[in-house]
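**Q** return atomic coordinates for the entry below.
(one chain, ligands or ions: 2)
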Amino acid sequence: MNDPEVDGVDEALALLGPRQARKPERHRATPWAEARSVAARLGAAGPHRTRQVALDRALGGVLAQPLTALTDLPSFDTSAMDGWAVAGPGPWRVREGDSVLAGHGRTPPLPDGEAVRIATGARVPPGATAVIRSEHSRADAVGHLHAQRAVTHGQDIRPRGQECRSGDQLLPASTPVTPAVLGLAAAAGYDELPVVERPRVAVLVLGDELLTAGLPHEGLIRDALGPMLAPWLRALGADVTVTRRIGDDAEALYAAVSGSGADVVITTGGTAAGPVDHVHPVLREAGAELLVDGVKVRPGHPMLLARLAPSQYLVGLPGNPLAAVSGLLTLAEPLLRGLAGRRAPEANRAALRDEVQGHPHDTRLVPVGRATGRGAQGRATAPEPALVVPLHYNGPAMLRGIAAADGLAVVPPGGAGAGDVLEILALPWAATERCFT
Ligand SMILES: Nc1nc2c(c(=O)[nH]1)N[C@H]1C(S)=C(S)[C@@H](COP(=O)(O)OP(=O)(O)OC[C@H]3O[C@@H](n4cnc5c(N)ncnc54)[C@H](O)[C@@H]3O)O[C@H]1N2
Ligand code: MOO
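**A** Numbers count the residues shown, from 1 in each chain. Ligands and ions are numbered 1, 2, ... in the order given. You can find the predicted model right below:
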């Protein structure tokens, strides 16, 4: 675990001038799984602010409190079918000129031996013992109703409280608010829901070489992270309040970090030890506490997590775009998930179709796609466990692999062989497919 790095981190530290040398002792990167746990623990600790929001604004949030029924459901004995409410054994005398419809108030009691027309969803009159579907009954010429099948007591009546009693817990806290949850909440009497407020996130994009439009030219390149991070972070439960381009300006970075009112500041670039890599010096100047300073993962090993204030964090993503994705999923995702009050999803697992080379000491995160067709033994859909294909173009500076991917395989140190079953990190937009479980 504590072996010296074999890949140049020691050498990189040796290149640091005395002003930049951040630790007298040898740099120790955190193992990948431990780095995720640190971020998850911080997130789970909160703070969790609760907000009451109208139902139509609660979608995508998570319940801050258990959802408790405000009423019995159904709230009255209800007809489950269109037909006849009857009282006692038949045949029944039809109560003429009268129909019991949904939405109507209390109806007069039904005496034994009588039947009245009733609609699905209508209140069953007091005294009724069953509902007979219209297609299972026949009214004769002298005003009597005959059942064409045996009638059992209570048939096709939904009794009050069948689904829940007022005060029953319908869903626990931390349940994601889906369209179905909105429907249930409305049925159970809610106009508003208490949801965990989304953590506010500020994104600071560093680098003088970045263009926001047009073609790369004369050493300048397009900013690939600005357009990618805000929507990705939103999908992880964050409220991204701003994406700012800071350039390679230490003072501007210090001002942006120390003046930020965000719960989480996310920086991109500047995490390494180059002449304009300002993140470490600025964190030092701001009195931040480094909780994770480098992670034993490829790409993305210079990623970091710092506490700026008691409940305010900074995640430093490396500038190489796939390394930034690695930092996003390793540190930002578990931190934000916890702060957003979300539960950890069950780990997805899938079998590798092809061997993946590993790093000798570090975890690798490798974009993978679901195998289909011949790769999945001739079937159109992947068999159990799902089969995934490692994708090309997975270098730290490349997004071509991840843009075509269904997830990121967690490749242990030393690599993995064909058929090995690995954890797959989900991409938030692939969540609805849940294909790896
Ligand atoms: N001497 C060493 N140099 C480097 C090491 C090391 O261990 N020793 N690690 C390398 C690794 S791995 C990574 S990753 C990068 C991390 O560097 P920084 O976080 O300081 O990022 P930058 O130097 O600012 O940029 C790196 C690379 O990424 C490009 N970049 C930056 N931002 C964006 C963006 N928004 N969109 C697209 N591309 C971006 C930037 O132009 C650089 O090419 O350090 C290595 N160096
Ligand atoms: O690990 Mo760097 O983060 O490979 O590109």
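
**Q** helix/strand/coil for Leu204?
**A** Of the three states, Leu204 takes strand under DSSP: H, G, I helix; E, B strand; the rest coil.

**Q** apologies, that question was intended for Ala230.
**A** helix.

**Q** tally of neighbours for it?
**A** 18 (other Cβ atoms under 10 Å). From N, CA and C alone the C-beta is placed, and that goes for glycine too.

**Q** hmm, it is touching Val203, no?
**A** Yes. Contact between Ala230 and Val203 holds when scored by Cβ atoms under 8 Å: they sit 6.2 Å apart.

**Q** overlap of the contact sets of these two?
**A** Residues touching both Ala230 and Val203 (Cβ atoms under 8 Å, 6 or more residues apart in numbering): Val240, Thr243.

**Q** got the phi and psi for Gly161?
**A** With angles defined as degrees, to the nearest 10, Gly161 sits at phi 80, psi 10.

**Q** contacts only, for Pro299.
**A** Counting by Cβ under 8 Å, 6+ apart, Pro299 has contacts Pro318, Asn320, Leu322, Ala323, Ser326, Leu365, Gly395, Pro396.

**Q** 6 Å - rerun?
**A** Leu322, Ala323, Ser326, Pro396 (Cβ atoms under 6 Å, 6 or more residues apart in numbering).

**Q** quick one: the last one and ligand 2, what's the gap?
**A** Plainly put, Pro396 is 3 Å away from ligand 2 if you go by Cβ to the nearest ligand atom, to the nearest Å.

**Q** so what's that residue closest to, chain neighbours aside?
**A** Pro299 (3.6 Å; Cβ to Cβ, 6 or more residues apart in numbering).

**Q** tell me the secondary structure of Val368, please.
**A** What three-state DSSP gives for Val368 is strand.

**Q** for the residue nearest to it when sequence neighbours are not counted, grab phi and psi.
**A** Distances taken as Cβ to Cβ, 6+ apart put Val388 closest to Val368, at 3.9 Å, once the chain neighbours are dropped. Backbone dihedrals for Val388, given as degrees, to the nearest 10, come out at phi -130, psi 150.

**Q** okay, now His392: neighbour count?
**A** 11.

**Q** got it, and Asn320?
**A** 24.

**Q** which residues does it contact?
**A** Pro396, Ala397.

**Q** look at it and report its pLDDT.
**A** We have a pLDDT of 97 for Asn320.

**Q** what do you get for Leu13?
**A** On the pLDDT scale, Leu13 gets 32.

**Q** next one: Pro345
**A** At Pro345, the pLDDT recorded in the model is 86.

**Q** in three-state terms, label it for me.
**A** Counting by three-state DSSP, the backbone at Pro345 sits in coil.

**Q** ok, now how distant is the closest residue to His359 other than its chain neighbours from Leu204?
**A** Distances taken as Cβ to Cβ, 6+ apart place Arg298 nearest to His359, at 5.0 Å, with adjacent residues excluded. Separation of Arg298 from Leu204 (Cβ to Cβ, to the nearest Å): 24 Å.

**Q** Leu308 and Leu291 touch, don't they?
**A** No. At 10.8 Å, Leu308 and Leu291 do not qualify as touching, with contact defined as Cβ atoms under 6 Å.

**Q** list the contacts for the closest residue to ligand 1 within the stretch 251-400 of the chain?
**A** Per Cβ to the nearest ligand atom, Gly319 is where the stretch 251-400 of the chain lies closest to ligand 1, at 2.5 Å. With contacts defined as Cβ under 6 Å, 6+ apart, the neighbours of Gly319 are Thr268, Gly269.

**Q** go on, Leu229?
**A** Per Cβ under 6 Å, 6+ apart, neighbours of Leu229: Val203.

**Q** please apply the same query to Leu70.
**A** Ala188, Gly189.

**Q** residue furthest from the geometric center of this protein?
**A** Val142 (63.3 Å; Cα atoms, centre = their mean).

**Q** show me the shaky parts of the stretch 301-437 of the chain.
**A** Of all residues in the stretch 301-437 of the chain, those with pLDDT under 70 make up the ranges 373-384, 431-437.

**Q** so which bits of it are right by ligand 2?
**A** His301, Pro302, Pro318, Asn320, Ala323, Pro396 (Cβ under 6 Å from any ligand atom).
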